[in-house]
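> I'd like to go over a predicted model; first the sequence, then the structure.
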Amino acid sequence: MKTSAVQPADISRSVFAVPPLAMSADLSVNAAQNKALIRHIEAGGVSTLLYGGNANIYNLTIDGFCQMLDILEDSAAPESWVIPAIGPDFGKMIDQAKILRNRAFPTTLTLPTTTAIHPAGVEAGLRRAADVMGKPLLVYAKGEGYLTPAQLGSLARDGVICAIKYAIDRKDPLQDPFLTELVQQVDRSLIVSGMGERPALAHLQHFKLAGYTSGLVCLIPAVSQAFLKAAQAGDFAHAQALMQRFFPLENAREKYGFIRVLHGLVRLSGIADTGPILPLLADMSAAEEAELAPMLEDLLAKEPRN
């Protein structure tokens with residue numbers, strides 16, 4: 001696992017894979033199955049793994065959080081960058097930051113929330129969390145009322161944050177006043193598109209963001225990495241063609257729940273047995289699995305083979 005301080009080159013070198021967290025029947029973290037998923041992702045050329053929303057960190061106990069950290073440290077390749085998430089509430093964020101202070105992870109993602117917040121309080125909380133952890137944070141900007149672009153700029157200049165996962169949903173990703181202001185406040189090399197493949201090309205081509213995060217990268221990592229490199233090289237036609245492969249399942253994830261569907265898709269793919277999903281979420285129904293199975297088979301057929 002890569003442990004050196006985060007640099008802009010780390011942010012742009014790979015898709016940010018956002019995997020589910022494989023669980024055992026007793027709801028403990030499954031070491032063998034998580035390692036199998038990590039090896040599959042790394043084999044596709046993806047070297048950044050972000051354990052946040054798709055890993056259902058929201059519902060993980062503190063003991064489970066520590067168990068996950070042990071497994072991730074033991075499972076990732078030496079040059080893979082692994083980012084656990086903390087929060088979303090202040091109390092859990094600080095408790096987890098204290099744990100991470102004595103770990104080798106170079107940063108952590110702060111999960112977003114819309115409950116009991118004020119932008120000034122969010123900024124104060126993030127500054128406290130970074131101080132407790134002793135390392136800069138990766139901030140998840142998901143809503144207008146969480147932090148302003150000016151606040152994010154101040155946090156970046158002060159070294160409180162090392163990167164931003166931008167995920168404010170727009171009907172037209174090209175019409176985005178918040179992101180337009182954000183790239184004036186924060187160097188684009190520190191910002192990644194944070195909503196999967198659908199807005200990623202617009203963010204990479206028109207806003208010149210450094211990279212993007214993906215859940216479906218867990219299924220066909222080589223295709224996701226090829227999409228990123230094509231977009232970074234300015235081959236937008238090729239990037240567009242690659243991106244469209246993900247749309248059917250990404251639409252299904254939006255329909256039935258992004259986290260729970262990805263958890264089930266990885267299991268159905270045979271890549272790793274993700275086991276039961278943690279409450280308060282629920283696994284896909286048999287009818288949902290049957291509906292998505294042909295789309296999954298079609299996507300997996302498009303994975304490059306050696």
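Perfect, thanks for sending it.
> mind listing the helices for the stretch 51-200 of the chain?
Ranges of helices in the stretch 51-200 of the chain, per DSSP state H, counting those that start in this stretch, are 62-75, 90-101, 119-133, 149-157, 177-185, 197-206.
> how far away is the closest residue to Ser28 other than its chain neighbours from Glu73?
Distances taken as C-beta to C-beta, 6 or more residues apart in numbering place Gln67 nearest to Ser28, at 6.6 Å, with adjacent residues excluded. The way it works is simple: take the backbone N, C-alpha and C, and place the C-beta from them, glycine included. The span separating Gln67 from Glu73 equals 11 Å under the rule C-beta to C-beta, to the nearest Å.
> that older thread, out of the helices of the stretch 51-200 of the chain, the one nearest Arg13 is which?
helix 197-206 (14.1 Å; C-beta to C-beta).
> and that closest one with helix 177-185, angle?
Helix 197-206 runs at 40 degrees relative to helix 177-185, counting by axes from the mean of the first three to the mean of the last three C-alpha atoms, to 10 degrees.
> and helix 197-206, what does it pack onto?
strand 191-193, strand 211-214, helix 221-232, helix 236-244, helix 247-256 (3 or more C-beta pairs under 8 Å, 6 or more residues apart in numbering; DSSP states H and E).
> Between helix 236-244 and the longest one, find me the angle.
Right, helix 221-232. 150 degrees.
> tell me the contacts of Met23?
29-30, 274-278 (C-beta atoms under 8 Å, 6 or more residues apart in numbering).
> correction: Ile86
Neighbouring residues of Ile86 by C-beta under 8 Å, 6+ apart: 57, 92-93, 96-97, 100, 108-111, 129.
> can you count the residues close to the nearest residue to it once chain neighbours are set aside?
With C-beta to C-beta, 6+ apart as the criterion, Ile86 has its nearest non-adjacent residue at 3.9 Å, and that residue is Gln96. Neighbour count for Gln96, taken as other C-beta atoms under 10 Å: 26.
> quick one: Gln96 and Phe90 touch, right?
No - contact between Gln96 and Phe90 fails when scored by C-beta atoms under 8 Å: they sit 10.9 Å apart.
> mind showing which ranges of the protein have poor pLDDT?
By pLDDT under 70, the low-scoring segments of the chain are 305-306.
> Tell me where the stretch 1-150 of the chain has strands.
16-17, 48-51, 81-86, 109-110, 137-141 (DSSP state E, counting those that start in this stretch).
> Redo those strands as a markdown table? Include distance to Ala230.
Below are the strands of the stretch 1-150 of the chain laid out as a markdown table (distance: least, C-beta to C-beta, whole Å):
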| stretch | distance to Ala230 |
| --- | --- |
| strand 16-17 | 17 |
| strand 48-51 | 18 |
| strand 81-86 | 22 |
| strand 109-110 | 26 |
| strand 137-141 | 25 |
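> Distance of the residue of the chain positioned farthest from its centre relative to Ile277?
Farthest-out residue of the chain from its mean C-alpha position, per C-alpha atoms, centre = their mean: Ala287, at 27.5 Å. To Ile277, Ala287 is 17 Å away according to C-beta to C-beta.
> Just give me the closest of the contacts of Met23 to Gly45.
Thr274 (22.1 Å).
> wouldn't the closest one be in contact with Gly264 here?
Yes - using C-beta under 8 Å, Thr274 is in contact with Gly264, at 7.4 Å.
> Name the residue in the two with the higher neighbour count.
Between Thr274 and Gly264, counting by other C-beta under 10 Å, Thr274 is the more crowded of the two (25 against 22).
> about what we covered before: any quick PyMOL command for the buried ones out of the contacts of Ile86?
Command for PyMOL that selects the buried part of the contacts of Ile86, burial taken from 16 or more other C-beta atoms under 10 Å:
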select buried, resi 57+92+93+96+97+100+108+109+110+111+129
